[in-house]
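*Asks:* Any chance you could fold what I've pasted below:
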Amino acid sequence: MKIIEGGVTAAKGFQAAGLYAGIKKGNKKDMAMIYSRTPCTAAGTFTTNIVKAAPVKWDQKVVYGNGTVHAVVANSGIANACTGEEGYGYCRETAKAAAEVLGVLEDEVLVASTGVIGRQLPMDIIKEGVKNLVPLLSDSREAAMVAAESIMTTDTVKKEVAVTVEIGGKTVTVGGMCKGSGMIHPNMCTMLSFVTTDAAISKEMLQKVLSADVQDTYNMISVDGDTSTNDTVLLLANGLADNPPITQEDEDYQCFAEALHYVNVELAKKMAGDGEGATALFEAKIVGAATKEQAKTLAKSIVCSSLTKAAIYGHDANWGRILCAMGYSGADFEPEKVDLYFESAAGRLQIIQNGVATDYSEETATKILSEKEVTAIADIKMGDVSASAWGCDLTYDYVKINADYRS
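*Replies:* I've put the predicted structure just below:
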């Protein structure tokens, strides 16, 4: 696998565009489009929140149907959530507007929205935005970056990644972009993630590989414990790499799965590290677990702990908060056997040995915890399974951002 510079236009045949349509204040780009002239097989995973936004319902209908997909239209600024039948109708109108300009069927267009809940989409602006996006479609690197910028809400940076891998003697590319900064919690979040690939792969295998990988990537991040109404991950494959079609869980499937996993992990980490007001990406890694579920439960409990997140912001090696979060996670372990380490670019330091604090240097600990990426590693000595979860520190700015989000 080779990491390359790119995003949603890295794979053959994919174009993208972004612009300011007029949905948001301040001339900030607020609409994006992804397009493949070649029809795509589509897979998707969506929010587990019972309150599902209209675009989630539209996309579920399209993705879980038997047809193909040509395009995705996304807007930021308004979530089109809790908008009733009118909001769902606007999804259809958006898809129809794109379909007419692109020369495809409306059921071949996916839609996505992010922003304020409860407001209806300004359809005159949306339709005009769709028309203006199409002439801008390009497979250039710049087009991908503009599209990534156009789906941001409270994000401070655009989020993209791409890789290539050899499958069946052909170069297959997987690239993606995402947005997500707040209302982020395991079981998906206020996140939109769009991943494109030129791999030839069956719909069954595409959905299978995505559904499995989401469990160890997007579902292992948390910023604030709130599960959104709009979270959506879409994976489109147009087959232009001309590799032997992946139709079963063989070596080619595993190779593709590894490439997809890298892309999804990197996008997930970018969202966690760009949590609203965050100054650091915080990773919790459990090693020595007896089962995967045990490791995941413990890791997620640590990154979801508000007290632990606050300690990371303060560069404070308050290890008791981590052990406490593990203790109420619901996973069984023996506290008296736990070894705990803090690790970053500044070094690695053992904080606990067999459940008891070591004679560590607070000064060294603070130095390690002052980096932009910090990891807490807990060895529970019960087996050989590991899992990681990602979050961020909890800062004053998180409250400021969300206190006046609508204004």
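*Asks:* For the residue lying closest to Val303 once chain neighbours are set aside, which three-state class applies?
*Replies:* Excluding its sequence neighbours, the residue lying closest to Val303 (Cβ to Cβ, 6 or more residues apart in numbering) is Gly391, at 3.3 Å. The way it works is simple: take the backbone N, C-alpha and C, and place the C-beta from them, glycine included. What DSSP: H, G, I helix; E, B strand; the rest coil gives for Gly391 is strand.
*Asks:* for Gly7, same thing?
*Replies:* coil.
*Asks:* and if you look at the one 10 residues further on?
*Replies:* State at Ala17, reduced to three classes by three-state DSSP: strand.
*Asks:* Based on its surroundings, how many neighbours for it?
*Replies:* 23 (other Cβ atoms under 10 Å).
*Asks:* The one 5 residues further on too?
*Replies:* Other residues near Gly22 come to 16 when the count uses other Cβ under 10 Å.
*Asks:* now the residue nearest to it when sequence neighbours are not counted: how far from Gly118?
*Replies:* Distances taken as Cβ to Cβ, 6+ apart place Ile125 nearest to Gly22, at 4.8 Å, with adjacent residues excluded. Per Cβ to Cβ, to the nearest Å, Ile125 is found 18 Å from Gly118.
*Asks:* These two: who's more crowded?
*Replies:* Comparing Ile125 with Gly118 by other Cβ under 10 Å, the one with more neighbours is Ile125, at 17 against 12.
*Asks:* Tell me if that one really is in a strand.
*Replies:* No: judged by three-state DSSP, Ile125 forms no part of a strand; its state is helix.
*Asks:* ok, now which ones touch it?
*Replies:* 21-23 (Cβ atoms under 8 Å, 6 or more residues apart in numbering).
*Asks:* Those residues into TSV, with extra columns for secondary structure, pLDDT and distance to Thr197?
*Replies:* Listed next are the contacts of Ile125 as TSV, based on DSSP: H, G, I helix; E, B strand; the rest coil; pLDDT from 0 to 100; distance: Cβ to Cβ, whole Å:
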residue	secondary structure	pLDDT	distance to Thr197
Ala21	coil	98	28
Gly22	coil	96	33
Ile23	coil	95	29
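*Asks:* Helices of the stretch 201-350 of the chain, residue ranges please.
*Replies:* Using DSSP state H, counting those that start in this stretch, the helices of the stretch 201-350 of the chain run over residues 203-214, 251-273, 292-304, 306-313, 319-327.
*Asks:* try the stretch 51-200 of the chain
*Replies:* Counting by DSSP H, counting those that start in this stretch, the helices of the stretch 51-200 of the chain are 54-63, 84-102, 123-133, 141-150.
*Asks:* in this protein, what spans have low per-residue confidence?
*Replies:* Applying pLDDT under 70 to the chain flags residues 181-190, 223-228, 275-276, 402, 404-407.
*Asks:* Nearest to the spatial middle of it, which residue is it?
*Replies:* With distances taken as Cα atoms, centre = their mean, Ala268 lies nearest the centre of the chain, 4.3 Å away.
*Asks:* Check the gap between that residue and Val233 for me.
*Replies:* Using Cβ to Cβ, which is the criterion applied here, Ala268 is 10 Å from Val233.
*Asks:* quick one: common contacting residues for these two?
*Replies:* Tyr218.
*Asks:* Could you give the number of residues near Glu293?
*Replies:* Glu293 has 12 neighbours, counted by other Cβ under 10 Å.
*Asks:* could you list every residue that touches it?
*Replies:* Glu293 sits next to Ala331 when contact means Cβ under 8 Å, 6+ apart.
*Asks:* From Thr45, how far off is it?
*Replies:* Between Glu293 and Thr45 the computed distance is 19 Å (Cβ to Cβ).
*Asks:* re the thing from before, would you mind telling me which of the helices of the stretch 201-350 of the chain is nearest Val195?
*Replies:* Each of the helices of the stretch 201-350 of the chain has some distance to Val195 by Cβ to Cβ; the shortest is helix 251-273, at 6.0 Å.
*Asks:* Return the set of buried residues in the closest one.
*Replies:* 252-253, 255-257, 259-273 (16 or more other Cβ atoms under 10 Å).
*Asks:* need the helices of the stretch 51-200 of the chain in TSV with distance to Asp213, can you?
*Replies:* Output for those, formatted as TSV (distance: least, Cβ to Cβ, whole Å):
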stretch	distance to Asp213
helix 54-63	16
helix 84-102	26
helix 123-133	29
helix 141-150	21
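*Asks:* Quick check, Ser306 in contact with Asp393.
*Replies:* No: look at Ser306 against Asp393 with Cβ atoms under 8 Å: they stay out of range, at 10.5 Å.
*Asks:* So Ser121 sits against Tyr90, correct?
*Replies:* I think there's a mix-up here, since residue 121 is Leu and not Ser. Yes: in this structure, Leu121 is within contact of Tyr90 by Cβ under 8 Å, at 4.8 Å.
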